[in-house]
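Visitor: okay, sequence plus prediction incoming.
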Amino acid sequence: MLSLEGVTKSYGAVAALRGVDLDLYPGEAHALVGENGAGKSTLVKILAGVHEPDGGSFRIAGQPVRLASPAAARDAGIAVIYQEPTLFPDLSVAENIFMGRQPLAGLRRIDKARMREESRALFARLGVPLDPDRPARGLSIADQQLVEIAKAMSLDARVLVMDEPTAALSGVEVERLFAVARSLRDSGAAVLFISHRFDEVFSLCQRITVMRDGAWVSSDATSELTVEAVVRRMVGRDVSTLFPKQDTEVRDTVLEVRGLTRRGVFEDVSFDVRGGEIVALAGLVGAGRSEVVRAVFGVDRYDDGEVRVGGQPLPGANPGAAMAAGLALVPEDRRQQGLVMELSVERNMTLTRRWGLSRAGLLTGGAERRTAADWAKRLQVKTSALTAPVSTLSGGNQQKVVLAKWLSTDPKVLIVDEPTRGIDVGTKAEVHRLLSQLAGEGMAVVMVSSELPEVLGMADRVLVMHEGRLVDEIQRDRADEESVMLAATGQKGVSA
Amino acid sequence: MSLSAPPALPATVSKQDSLLHRAFVARELGIVVALVALLAVTTAKNSRFLETQSIQDLLLGASILVILAIGQTCVVITKNVDLSVGSVLGLVAFAVGKFFVTWPHANLLVALVIGLGMGLACGVVNGALIAVAKVPALVITLGTLYVFRGLDYSWASGQQINAADMPASFLRLGTRTLLGVPVLAIVAVVVLVAAGIVLRSYRSGRELYAIGSDATAARLSGIPVSRRVFAAFAVSGALAGLAGVMYAARFGTIDASAGNGIELQVVAAAVVGGVAIVGGSGSVWGAALGALLLTTIGSSLSVLQITPFWQQAINGALILAAIGLDRLLALRLASSLRGGRPHGA
Amino acid sequence: MAPDRTGTLRRSLLTWDVAVVVVLAVVIAVASGSVDSFASQRNWGFLLLDLVPIALIALPMTLVVITGEIDLSVASTLGLVSAAAGKMWADTTLPLTLIVVLCVLLGALLGAVNGVFVTRFGLPSLAVTIGTLALYRGLAFVVLGDRAVADFPTGWTDGAVGFLPGTRIPWVVLPLLALVLVFALVLHATPVGRALYAMGNSTDAATFAGIDVARTKMWLYVVIGAVSGVAGVFWTFRYASARADNGNGLELQVVAGVLLGGVSIFGGRGGLLGVVAGVLLLGTLRNALQLDNVSADALTVVTGGLLIVSVLLPNAAAWLRSTTAQRSRRAGANPVTPASSANPA
Amino acid sequence: DSGSSASSGSGGSAAAAPAGSAAASTDTGSSAASSGGSSAAASTGSDASGSAAAGGTTADYKTGLKIAFLPKQVNNPYFTVADGGGKAAVAELKGTYKETGPSDASASSQVSYINTLSQQGENVIATSANDPNAICGALKQAKSAGAKIVTYDSDTTPSCRDVFINQATPQGLADVEIKMMSDEIGGKGKIAILSATPNATNQNAWIALMKADLKKPENSGMQLVTVAYGNDDDQTSFQKTQGLLQSYPDLKGIISPTTVGIAAAARYLSGSKYKGKVQLTGLGTPNQMRQFVKDGTVKEFALWDPAQLGYLAAYAGAALASGTITGKQGESFSAGKLGSRTIGADGVVILGPPTVFQASNIDQFKF
Ligand SMILES: Nc1ncnc2c1ncn2[C@@H]1O[C@H](COP(=O)(O)OP(=O)(O)OP(=O)(O)O)[C@@H](O)[C@H]1O
Ligand SMILES: Nc1ncnc2c1ncn2[C@@H]1O[C@H](COP(=O)(O)OP(=O)(O)OP(=O)(O)O)[C@@H](O)[C@H]1O
Ligand SMILES: [Mg+2]
Ligand SMILES: [Mg+2]
């Protein structure tokens, strides 16, 4: 029904897709898997008409098509749930679902009653009691995702594309979503499903396409594949070699977090981190890990609790003070929080050290250039020039810039939030090696990660969060996939 | 805790019921209350403030500002701003006067069409520059504010058009009443109702809100963003043109400086009426009420015999109070929306 | 990576700053050749004197706009400060030196009020400063009313327009130059300047880098208020007249100069060299055209046109670059080499 | 001074304090009017036109003088007419005429134009000051660069110019307006004043004089209840009129010494139930008021002819530049068709008494 052949797409210097083939058939659910940055979302955007491919052919029902806009894709019967929810915060949920194609009554007026009823019906099918009249502002990520799903469902599309729709959902909601997807599939629609959760992939899909570094690797029937085989194809090598954390001598406690609470987000979070160890914060997306580390660093305020660094209490909501005390946070959203995309590599790298590099309050440029060049070399940042805007760098190199920016402050405690999200295989290994090395030098490292293998491979201790609470602490030797997932899904009480 | 506890589902749907609507009503109601209070205080001081004649005058005084505020609302909702409306008004008003000077017996409708057409043309210039070339509206309309006014000045070159130069039938439009309601106010109300309905109940109207709320999401939803923004500026221009015709009819005396500086009042009216300058929310009803409130303040200050020096200061304070109040309401709304549903996961 | 290097070189040579400087040089050269008495020292003295208040306020305005905010109330601040100076001089026995100090403090206070609204309450600076634009001007009239206080000691009033010994260049140019230097250093060569660019591009990223965005902006508003206060004092003495309407409309000229200087209204981009050149360009162009007997109307059109061009041109350039890049990529058949396989497999 | 009308009986008094115009008192730019072009038109003062014909030889004057007019604001119709008068005079004098100026009525922009004119080596700068002090410094510099300075309509501090052409004395204007009002309401009842901006110096000077007039025994029947300000903005003036009538139900008359105000007030009255019951007078232009005089809303109002003001300013400037006069009290010069004029105290030359326009004579005036 829908077929792509040899599709290529570049963002400036980054080749996001380099010859991808994909065939979707009616009545079949097709999974697309691949590492972060493999190009899955880019492929989705091409299907959605957001981007036009640079090359390759695109056919629907055998006819070559050109989707110049999202509206064109929609009219061609393609419904898309994007990875990042794209809602209108000021508009009601019902309007969000039907924007651009609201049901009309006489005189082409929008039929609000019908819109509301249809939204209710959609939510009923999904089993969530969302009020169609409330504004989208303030919806949790999960609810936002549900609105996106309802939106896609309402299209009655021939092709349903879902880019990690379940990342923010709990088991119950995932099951409902799957029920809906299956019924769509059984009524003859083609489904393209993207997820990092293999259990979901294997339970929903009949066929799996693997991508790596923007290229097509394989497409096979699910029945012929195992999880291990898929992972091997995704990564291209043995997984275990990726995580070279060496055992190091553990030193004194550097960071103490006591009873940290932010109402409605996380509650009573306490933990210690010692020099030389890597502590991982694990949990499902939305468990509140990022919020905890943001509060520790002082970007967010908290209602209750205390943070101490080297025994000294840290004032809340003051990142500057946290930095002075020796804290560093590599945030999860590189583009929004980690980097100033318009500024040069050099300026980004030295942004955290601008006072340290100045003499008598003045920055002469030389010191900045030297520091930046030094770190670029140490982390092997590939860039045309240090004066090039950081936005022209590939994702992995951007991540290295963020790391350089924080490592150059010579922190006592390094907090990294999803340090390897969106970066390629080689860089990932380098980042892991670096973290391990830093811990070896006595730094305390807190790592928030959603990637279980990363957590298991790197962490000396795993702290697991569930719905804003710290529910488990697992030592390295006892940590395995099952124990972490059990705690992360809330199926284990608070352990000793 | 039982195995696989289902996520806590909100038992609070009824509490949240149409919060959006309530916030909307609260905002508009606030202005109405302020308006009523103002009328009450002024009338208490001087009973003749509420006579037919003065109500008529009030409506007449507000109608031009209301028309401009409606156009501005369309633009501001999309997260843009049109600072050139005052200059467009001036240019059109002079053109209409000049038109009657040249063809004293021309049909009134022709003048109206010319005014609307010129305003539209100005709006199209703004819209094309902003939507097609994708440059910031603030800078472009600041530029066209100068350009249109400069054209107006050099065209008029010191000329003034007087009531005697225009047909009495045209001027009568400016003062005439229909069932006790001034014609110009009726025009404003018709435009208001039309714009209100389009913005509330038509796809194109709702899409303006969508664009202002999140332009990227709008693009992903298949909304022709550039075209809609362009249209918003065209509408604002056309309405400024209409306001120019009304200005000519009402004041009868026109020189090139008509409407000079009115843009800030227009933006103020919209902001006071709850149209968020960051786009995505607000209504023409609110903006119209804002315009009415500003006009009423002007009249009552003089009736209350408050020294005129205070008037501008009070206007400024009012704008600050309005955006502050808006922010407060938004925060309230946000916090009441939070916590309703603890966690999706 | 040679081609990339030349690319960056070309980019840095073609920046807007440089373009404005070049245009300025061309205007000066052409005007010197073709406009009588343009190149005279006397004329430059007049020209510079007229530009002092605009240039003065443009300095902090550049910083404010680079952080992504705006301050439209500067001219009203200038007016209120001037009115206060007149009031104090006429109705109290305070020594003039003290009055000057109080005036600058008053300016800082007015700026702080803006700052509180913007940073504490999180309100959009455009709306806030439209409000204070009206409020401060209104208060100026409340303070001084219809009066014009003019009996300042001639030592002060003549001093304000005095020349450097042996020249026709006003001495105030020297402190102005010093301030330009200070602001340029702060913006381009201090940690604070780096922070300003960072927060203008991304508030989030700046916050995560430990920059106290709210406090920095607060201080910027205090500074721009104080500088507007200084400009108000200068204005009062230069024109030997304290009036409530002093500097009316000056904010648009300041903003026009800043934008023409290549500062992005969305923040994060631009520099002081460009702004100084932009202010000078507006001033010299006006002066030259005025000397050439071009009417005020045409000057208005030119100002507006320049503003529009200043945002259109960089955009057009970017558009041209991207289309040529695309074409060359298409033409170059995009050899798909597995670039990232350079990583260890 | 035997003025052409009843009003000027008490004219010609009092030395002129620096005074401005009625019409041009505005900073907003919408003042008095004419539908374009200058109006050589009917002269106001009968004695002026009388003595003019013979004496006014242009022989005493240098030819080829560069005479520049710098109004408060270009594009202001009032000044367009006034400067038109100046243009006619310069043509008679075989000089070079120029009009230039800012499009906003602010002193600071005027300064930059004065500087430009002094650079350009103008022999005469005729200007109407937006601020009596603010443009002083620039004028002095122009003077030292050789230009002769004539102010018209709105004066500066006397030391900054050579001659001021005063359209009328403040006392004369105040007297005319009180007289007209008194005649219209039979000397009894509450009256109000609708002024321009609260900070219009000349307006305030007139209002003060009118208040003094009202204290005189013959005016004791009239009682001034308030002064309202319409900011020389049509809409505001309109609203203020409305406000006045609401605030003071027993109001008998309104005096509006500003052309914008009187026109707006007339328009309000003509469309309201107060028409004919509440009297309106003040300063206005014939073109703007014609319709209201004819429909009975307004009985009479006054003004001078702005074209003559500019005409006289040009002659005074030419006389200064030719060395005929220096600006001292007692010197006289010939002013073309306006005849010979003598400089009064402080270098002030008075144009003549204002004209009172009524239904009977209004059609003779086209400005
Ligand atoms: N707008 C853009 N500009 C430049 N590069 C981009 C842009 N969007 C994506 N990329 C790059 O293209 C590559 C593919 O990204 P894509 O979002 O398709 O990955 P993905 O497979 O969806 O990853 P994930 O699993 O993290 O969602 C990445 O290297 C990314 O950094
Ligand atoms: N109740 C809520 N209302 C609004 N937003 C919410 C709510 N709960 C979570 N979010 C948002 O969802 C996002 C994810 O939550 P959080 O960062 O706490 O989870 P996490 O465990 O770090 O997940 P991730 O893997 O995405 O980093 C946050 O950015 C947060 O703002
Ligand atoms: Mg993706
Ligand atoms: Mg996170």
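Guide: Noted; the coordinates are in hand. Ligands and ions are numbered 1, 2, ... in the order given.
Visitor: pLDDT-wise, which helix or strand of the chain ranks last?
Guide: Picking chain A for this. helix A:227-235 (a mean of 79; mean pLDDT, DSSP states H and E).
Visitor: which parts of that helix are buried?
Guide: A:230-231, A:233-235 (16 or more other C-beta atoms under 10 Å in any protein chain shown). Where C-beta positions appear, they are placed from N, C-alpha and C, glycine not excepted.
Visitor: now stretch D:85-96
Guide: D:85-90, D:92-93, D:95.
Visitor: just stretch A:367-376 next, same as before
Guide: Neighbour count says stretch A:367-376 has A:368, A:371-372, A:375-376 buried, by 16+ other C-beta under 10 Å.
Visitor: now the closest residue in space to residue D:127 that isn't next to it in sequence, what are its backbone angles?
Guide: Distances taken as C-beta to C-beta, 6 or more residues apart in numbering or on different chains put residue D:70 closest to residue D:127, at 4.1 Å, once the chain neighbours are dropped. The phi and psi values for residue D:70, taken as degrees, to the nearest 10, are phi -120, psi 90.
Visitor: can you put the buried residues of stretch A:367-376 in TSV and add pLDDT, secondary structure and distance to chain B?
Guide: Shown next, in TSV, are the buried residues of stretch A:367-376 (pLDDT from 0 to 100; DSSP: H, G, I helix; E, B strand; the rest coil; distance: C-beta to the nearest C-beta, whole Å):
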residue	pLDDT	secondary structure	distance to chain B
A:368	89	helix	31
A:371	91	helix	35
A:372	92	helix	32
A:375	91	helix	33
A:376	91	helix	32
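Visitor: mind checking pLDDT for the residue in the stretch 351-496 of chain A that chain B sits nearest to?
Guide: Here the stretch 351-496 of chain A gets closest to chain B at one residue, residue A:467, 5.3 Å apart by C-beta to the nearest C-beta. Listed pLDDT for residue A:467 reads 85.
Visitor: ok, so of the buried residues of helix A:227-235, who is nearest residue A:214?
Guide: Distance to residue A:214, by C-beta to C-beta, is smallest for residue A:234 among these, at 12.9 Å.
Visitor: now for residue B:330, how many residues are close by?
Guide: Number of residues near residue B:330 (other C-beta atoms under 10 Å in any protein chain shown) recorded here: 17.
Visitor: which stretches of the stretch 1-150 of chain C have low pLDDT?
Guide: Along the stretch 1-150 of chain C, segments meeting pLDDT under 70 span C:1-14.
Visitor: so which residues of it form helices?
Guide: C:2-13, C:16-34, C:41-66, C:74-91, C:96-115, C:125-144 (DSSP state H, counting those that start in this stretch).
Visitor: for chain B, which segments count as strands?
Guide: B:177-178, B:181-182 (DSSP state E).
Visitor: pipe those strands into a markdown table and attach mean pLDDT and distance to ligand 4 per row.
Guide: Converted to a markdown table, these look like this (pLDDT from 0 to 100; distance: least, C-beta to the ion, whole Å):
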| stretch | mean pLDDT | distance to ligand 4 |
| --- | --- | --- |
| strand B:177-178 | 83 | 63 |
| strand B:181-182 | 88 | 60 |
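Visitor: please identify the most buried of these.
Guide: strand B:181-182 (a mean of 20; mean count of other C-beta atoms under 10 Å in any protein chain shown).
Visitor: helices or strands up against that strand?
Guide: Using 3 or more C-beta pairs under 8 Å, 6 or more residues apart in numbering or on different chains; DSSP states H and E, the elements in contact with strand B:181-182 are helix B:52-77.
Visitor: number of nearby residues for the residue of the stretch 51-200 of chain B found nearest ligand 1?
Guide: Residue nearest to ligand 1 within the stretch 51-200 of chain B (C-beta to the nearest ligand atom): residue B:134, separated by 16.8 Å. Counted with other C-beta under 10 Å, residues neighbouring residue B:134 total 14.
Visitor: how about the nearest residue to it, chain neighbours excluded?
Guide: residue C:315 (6.6 Å).
Visitor: swap in residue B:52?
Guide: Here the residue nearest residue B:52, using C-beta to C-beta, 6+ apart, is residue B:180, at 6.3 Å.
Visitor: please report the distance of residue C:238 from residue C:160.
Guide: Residue C:238 sits 5 Å away from residue C:160, going by C-beta to C-beta, to the nearest Å.
Visitor: same question for residue A:444.
Guide: 61 Å.
Visitor: measure stretch A:357-369 end to end?
Guide: The straight-line separation of the ends of stretch A:357-369 (C-alpha to C-alpha, to the nearest Å) is 10 Å.
Visitor: and that stretch, anywhere near chain C?
Guide: Yes - with C-beta under 8 Å from any C-beta of the partner chain as the criterion, chain C is reached by stretch A:357-369 at A:358, A:361-365.
Visitor: so which of these is surrounded by the most neighbours?
Guide: residue A:363 (21 neighbours).
Visitor: report how many residues lie close to the residue nearest to it when sequence neighbours are not counted.
Guide: Spatially, and ignoring its direct neighbours in sequence, residue A:363 is nearest to residue C:189 (5.1 Å; C-beta to C-beta, 6+ apart). Number of residues near residue C:189 (other C-beta under 10 Å) recorded here: 16.
Visitor: ok, residue A:46 next?
Guide: Counted with other C-beta under 10 Å, residue A:46 comes out at 26.
Visitor: for the residue nearest to it when sequence neighbours are not counted, helix, strand, or coil?
Guide: Leaving aside its chain neighbours, residue A:46 sits nearest to residue A:53 (5.2 Å; criterion: C-beta to C-beta, 6+ apart). Three-state assignment for residue A:53 (DSSP: H, G, I helix; E, B strand; the rest coil): coil.
Visitor: of the residues of stretch A:357-369 next to chain C, closest to residue D:195?
Guide: For those, the nearest to residue D:195 is residue A:361 (55.9 Å; C-beta to C-beta).
Visitor: contact partners for that closest one?
Guide: By C-beta atoms under 8 Å, 6 or more residues apart in numbering or on different chains, residue A:361 lies in contact with C:190-191.
Visitor: and with 10 Å instead?
Guide: Contacts here follow C-beta atoms under 10 Å, 6 or more residues apart in numbering or on different chains; on that basis residue A:361 touches A:355, C:185-186, C:189-192.
Visitor: pull the most distant pair out of these.
Guide: Top of the distance list for the contacts of residue A:361 (C-beta to C-beta): A:355 and C:185, 15.4 Å.
Visitor: how close does the closest residue to residue D:314 other than its chain neighbours get to ligand 3?
Guide: Leaving out its chain neighbours, the residue that sits closest to residue D:314 by C-beta to C-beta, 6+ apart is residue D:89, at 3.5 Å. For residue D:89, the distance to ligand 3 (C-beta to the ion, to the nearest Å) stands at 81 Å.
Visitor: assess the claim that residue D:89 and residue D:95 are in contact.
Guide: Yes - between residue D:89 and residue D:95 there is a contact under C-beta atoms under 10 Å: 8.6 Å.
Visitor: give the intersection of the neighbour lists for those two.
Guide: D:58, D:67, D:314, D:317-318.
Visitor: what's the next secondary structure element after the helix or strand hosting residue D:141?
Guide: Here residue D:141 sits within helix D:136-144, counting by DSSP states H and E. Moving toward the C-terminus from helix D:136-144, the next helix or strand (DSSP H and E) is strand D:148-152.
Visitor: angle of that next one against helix D:136-144?
Guide: Strand D:148-152 runs at 140 degrees relative to helix D:136-144, counting by axes from the mean of the first three to the mean of the last three C-alpha atoms, to 10 degrees.
Visitor: identify the residues contacting the nearest residue to residue C:229 once chain neighbours are set aside.
Guide: Among residues not flanking residue C:229 along the chain, residue C:107 sits closest, at 2.0 Å (C-beta to C-beta, 6+ apart). Residues near residue C:107 by C-beta under 10 Å, 6+ apart: C:74, C:77-78, C:80-81, C:84, C:222-233.
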